[in-house]
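K.L.:
What follows is a predicted structure for the sequence shown.
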Amino acid sequence: MITLQQRGRSGLQFLGSLQQYSSSVLRDQAEADFAAQPEAEALTEEFKTDVRPHVWRERLDRARDVVERSKAYRYNRFYQRFVAEQNYVRAIPAVEARRKQWEAVVEAKQPKDESRLKLDPNLPIPRWYEGVEWHLEPGGWDGYDMTMPMFMAGIGPYVFSLGGYAAVDVNCDIRSQRKNVLSEFRRRDFKRIYEAGCGGATTLGVARQLFPQAELVGGDLSPALLKNGHFVSEMMGLGITFRQEDAVKVAEADNSVDAVISYAVHHEMPPGVSEAMMKEMFRILAPNGEIIISDPPPFRAVNPMQAVVLDWDTDNRAEPFFTAAAMASLPQMLRDAGFVDVEEYALEKRGYPWVTRGRKPA
Amino acid sequence: MSRTVERPDRPYLGQKELDDVVRMNTELLAELWILRDRVTVLEHQLEQKQVIDRKALSDFVPEGELAKELERERNALVARVAGAPHARHYDYATLAKQAEIG
């Protein structure tokens, strides 16, 4: 793996420190400021009681007006946006300075076996997905050919690994969170596991540790992320199969997989697409098969301050469906699709990771 | 809802101009850290090669011409930065003097 030059490394480390400060000191102060407001108690009660979807927009706007009285909150949001942009503003020149070294790594380690990567250049790209620059990454997932070193050598270790953005709390390890989520599967004897919207090999790589014998398959719309995942998988001997496909229509036969994973996907898609995806996952799961979903918590599961923070991503971090997803009910969608034993709960503080799980009847 | 990297219209700190100033300040803070990181790395490497002694560098007290040079540059920096909002005009004589201190 490559390392960055001093300017790139220290610039990204600065962003990590700024994000940590913002999401600990400023965030804690903002929460104390909110709690001291006269409306705080009533708002908190209101968030717990009436959870019908249509009430949320007006309620969130009212809560935001109260939360924004805090100077610490306003600076917290300013720095969150600043870091979210600067991740790319600083990381892209830093990895460009290493382009030749990276290209040499790719050439030397290029997977010889391409059978586990299935791209579909004719796949129709849904309108809701097209043109979104997710998380403020210019050009979106497929906009930059150096995405892998940008995350692996830059933004990943120096910023994201420290937590403190979107639903991820500060100082949380997003890798161990994945392991904790997958440990919530009730069974351990799966022969075939499918991940919908896998991106790269991050979650399936963790699945490989927990289910060493299982056949692992991941589907995603982004060819760049799938190629990256395939590269990592082949280099590390994970043996994952990657397919470019839409999660609402996947190339699996009925009743063909034992478990389905969906990690941090639903808040990036409209609820209607989530519903269609649940039905598709129900179709491919074998009887008694399990599904585990991990996504940011719904508004009804968090306090008003955290709800305002989650809502913020929709307008400020190029995640256009975050709010709509947090208003929806994933357990209801699972039940409507036919799943049973449906449960939802948080694994750590501030409601994240939020787990929703269910089972296809035997 | 935002779909691109375009900045939202709504200011974060209540006023667009204030956002701009704090943004500049935060950029400068980043540059300051990058420079401090660089100096620390530089000192470390020079010490490894036995060119300098970091403790001696910290304990060193400038005297004579070096002390005067630092004083001139320090005063000029303070005047430029602290004086920036107050400077209502400029003239040839004042600007020419800056050539002496670089």
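P.N.:
Looks like it arrived, so ask away. Residues are numbered from 1 along each chain as shown, chains lettered A, B, ... in the order given.

K.L.:
For chain A, list the residue farthest from the centre, please.
P.N.:
In chain A, counting by CA atoms, centre = their mean, residue A:38 sits farthest out from the average C-alpha position, at 34.7 Å.

K.L.:
Kindly report the residues of chain B close to chain A.
P.N.:
B:1-5, B:7-8, B:10, B:12-14, B:19, B:22-23, B:26, B:29-30, B:33-34, B:37-38, B:41 (CB under 8 Å from any CB of the partner chain). In this view, the C-beta of every residue, glycine as well, is placed from N, C-alpha and C.

K.L.:
Filter these down to the buried ones, ChimeraX style.
P.N.:
ChimeraX command restricting the residues of chain B next to chain A to the buried ones, with burial defined by 16 or more other CB atoms under 10 Å in any protein chain shown:
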select /B:2,3,5,7,12,13,19,22,23,26,30,33,34,37
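
K.L.:
Among the residues of chain B next to chain A, name the ones in helices.
P.N.:
Counting by DSSP state H, the part of those found in helices is B:19, B:22, B:23, B:26, B:29, B:30, B:33, B:34, B:37, B:38, B:41.

K.L.:
Do a quick rundown of the strands in chain B.
P.N.:
According to DSSP state E, chain B carries no segments that qualify as strands.

K.L.:
before we move on, what about the stretch 1-150 of chain A?
P.N.:
Defined through DSSP state E, counting those that start in this stretch, the strands belonging to the stretch 1-150 of chain A, from first to last, are A:117-118.

K.L.:
Please, where are all the helices along it?
P.N.:
Counting by DSSP state H, counting those that start in this stretch, residue ranges of the helices within the stretch 1-150 of chain A are A:6-21, A:27-35, A:40-49, A:56-67, A:71-96, A:99-109, A:147-150.

K.L.:
For those helices, give me JSON lines that also has distance to chain B and mean pLDDT.
P.N.:
Shown next, in JSON lines, are these (distance: least, CB to the nearest CB, whole Å; pLDDT from 0 to 100):
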{"stretch": "helix A:6-21", "distance to chain B": "4", "mean pLDDT": "95"}
{"stretch": "helix A:27-35", "distance to chain B": "13", "mean pLDDT": "96"}
{"stretch": "helix A:40-49", "distance to chain B": "21", "mean pLDDT": "91"}
{"stretch": "helix A:56-67", "distance to chain B": "11", "mean pLDDT": "96"}
{"stretch": "helix A:71-96", "distance to chain B": "4", "mean pLDDT": "96"}
{"stretch": "helix A:99-109", "distance to chain B": "20", "mean pLDDT": "93"}
{"stretch": "helix A:147-150", "distance to chain B": "15", "mean pLDDT": "94"}
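
K.L.:
can I get those in CSV with mean neighbour count?
P.N.:
Formatted as CSV, the entries for those read as follows, by neighbours: other CB atoms under 10 Å in any protein chain shown:
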stretch, mean neighbour count
helix A:6-21, 20
helix A:27-35, 18
helix A:40-49, 14
helix A:56-67, 17
helix A:71-96, 21
helix A:99-109, 13
helix A:147-150, 23
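
K.L.:
how about stretch A:78-91 as CSV, C-alpha atoms only?
P.N.:
Coordinates of each C-alpha in stretch A:78-91 appear next as CSV, following Å, rounded to 0.1, in the frame of the first residue of the first chain:
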residue,chain,number,x,y,z
PHE,A,78,-20.1,24.4,9.9
TYR,A,79,-17.1,22.2,10.7
GLN,A,80,-19.0,19.0,9.7
ARG,A,81,-19.6,20.5,6.3
PHE,A,82,-16.1,21.9,6.0
VAL,A,83,-14.5,18.5,6.8
ALA,A,84,-16.9,16.7,4.5
GLU,A,85,-15.8,18.9,1.5
GLN,A,86,-12.2,19.1,2.4
ASN,A,87,-11.8,15.3,2.7
TYR,A,88,-11.9,15.3,-1.1
VAL,A,89,-10.3,18.8,-1.7
ARG,A,90,-7.2,17.6,0.2
ALA,A,91,-7.2,13.9,-0.5
